[in-house]
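**Student:** Pasting the sequence and the predicted model now:
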Amino acid sequence: MLYNQINPHPELKDYIDAYWAVSGNGKELKIEKILPDTCVDIIFNLGDDCVTDNGRYTLQNEKVYLVGTMKGFKENKIKPNANLLGIRFKPGAFSVFYKFGSLYEITDQTIELEKKIAPDLQQTIQYSTTYFDHFLLGKLAKPKHGLFPIIADIQKNKGQINVNILAQRHFITIRQLERYFKQYVGVSPKEFINLVRYQYTLPIIQHKSPFQSLSDIAFECGYYDHAHMANEIKRYTGLPPSRI
């Protein structure tokens, strides 16, 4: 399996995390584990059908899909002639380009994107990420919410912040915060905070020194104890910290 990532046009960098491509190696079926990243993706399947969502859904050839924010890992079966292209939107950024009822409705789900609102498939095949830039720059609009400073605050604090404090700091009620996060991010603010904390914790575990204990990392990253961290890491990756 081959993976490639391309940066978007500079004017899109605040909203688009990356364009990406996954292709098979032409020899054998591969199982790819996808970990939650707080993002929403549009995926184009230009190759063989791809089984995703732990076997529950199939991405069919020459169709376009929307993947909601993930709260747990999923496995994809990448066939030898797989060819997937994706647009990864930063948290809260999908609504800058699209009108959508609530991303909470598709959390942990994959749905087919209607042709009338999806990027053109033939243009994608011909021009790839150059067309993505052109398409998205044409749809770029003023943000419909004020979540970006709040999301940045959570990320700056590495997920070690309380929802109550967050609401007070940004002069918003907890009820409004809950509603906006579910609508424009796809998860509650508490779940988002937990996801961000896990994102910062995972590489620390992966690259820990022989002198670091998992308990030390747990306290450093804001978990109550080792057991709390272990449960969270396993929930998001399917593995305990000792096997990461």
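**Tutor:** Noted; the coordinates are in hand.
**Student:** C-alpha from now on. contacts and neighbour counts both.
**Tutor:** OK.
**Student:** and the gap between the most centrally placed residue in the chain and residue 70?
**Tutor:** What sits nearest the mean C-alpha location of the chain, by Cα atoms, centre = their mean, is residue 39, with 2.5 Å. The spacing between residue 39 and residue 70, counted by Cα to Cα, to the nearest Å, is 8 Å.
**Student:** Break down this structure into its strands, ranges please.
**Tutor:** Applying DSSP state E to the chain gives strands spanning 2-6, 16-23, 30-34, 40-45, 50-52, 57-59, 63-67, 74-78, 83-89, 110-112.
**Student:** how about the ones you listed in a markdown table, adding mean pLDDT?
**Tutor:** Output for the strands of the chain, formatted as a markdown table (pLDDT from 0 to 100):
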| stretch | mean pLDDT |
| --- | --- |
| strand 2-6 | 94 |
| strand 16-23 | 96 |
| strand 30-34 | 91 |
| strand 40-45 | 97 |
| strand 50-52 | 92 |
| strand 57-59 | 95 |
| strand 63-67 | 96 |
| strand 74-78 | 92 |
| strand 83-89 | 97 |
| strand 110-112 | 96 |
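**Student:** residue contacts, the nearest residue to residue 7 once chain neighbours are set aside?
**Tutor:** Leaving aside its sequence neighbours, residue 7 sits nearest to residue 18 (Cα to Cα, 6 or more residues apart in numbering; 5.1 Å). The contact partners of residue 18, by Cα atoms under 8 Å, 6 or more residues apart in numbering, come to 5-8, 87-89.
**Student:** Quick one: buried ones out of those residues?
**Tutor:** Buried residues within these, defined by neighbour count using 16 or more other Cα atoms under 10 Å: 8, 87-89.
**Student:** per-residue confidence for the residue of the chain positioned farthest from its centre?
**Tutor:** Distance from the C-alpha centroid of the chain, by Cα atoms, centre = their mean, peaks at residue 211 (32.3 Å). Per-residue pLDDT puts residue 211 at 89.
**Student:** Look up how far residue 186 lies from the nearest residue to residue 112 once chain neighbours are set aside.
**Tutor:** Nearest non-adjacent residue to residue 112, counting by Cα to Cα, 6+ apart: residue 65, 4.3 Å away. Distance, residue 65 to residue 186, by Cα to Cα: 16 Å.
**Student:** more neighbours, those two?
**Tutor:** Remark: of residue 65 and residue 186, residue 186 carries more neighbours, 28 against 20, as counted by other Cα atoms under 10 Å.
**Student:** in terms of contact, does that one touch residue 108 like I think?
**Tutor:** No: when contacts are counted by Cα atoms under 8 Å, residue 186 is not listed as touching residue 108 (9.0 Å).
**Student:** Pull up the overlap in contacts between these two.
**Tutor:** 68-69.
**Student:** thought residue 244 was touching residue 205?
**Tutor:** Yes: contact criterion Cα under 8 Å: residue 244 and residue 205 qualify, at 7.2 Å.
**Student:** neighbour-wise, which of the two wins?
**Tutor:** residue 205 (19 against 14).
**Student:** Check the spacing between the more buried one and residue 108 real quick.
**Tutor:** Look at residue 205 and residue 108: by Cα to Cα, they are 25 Å apart.
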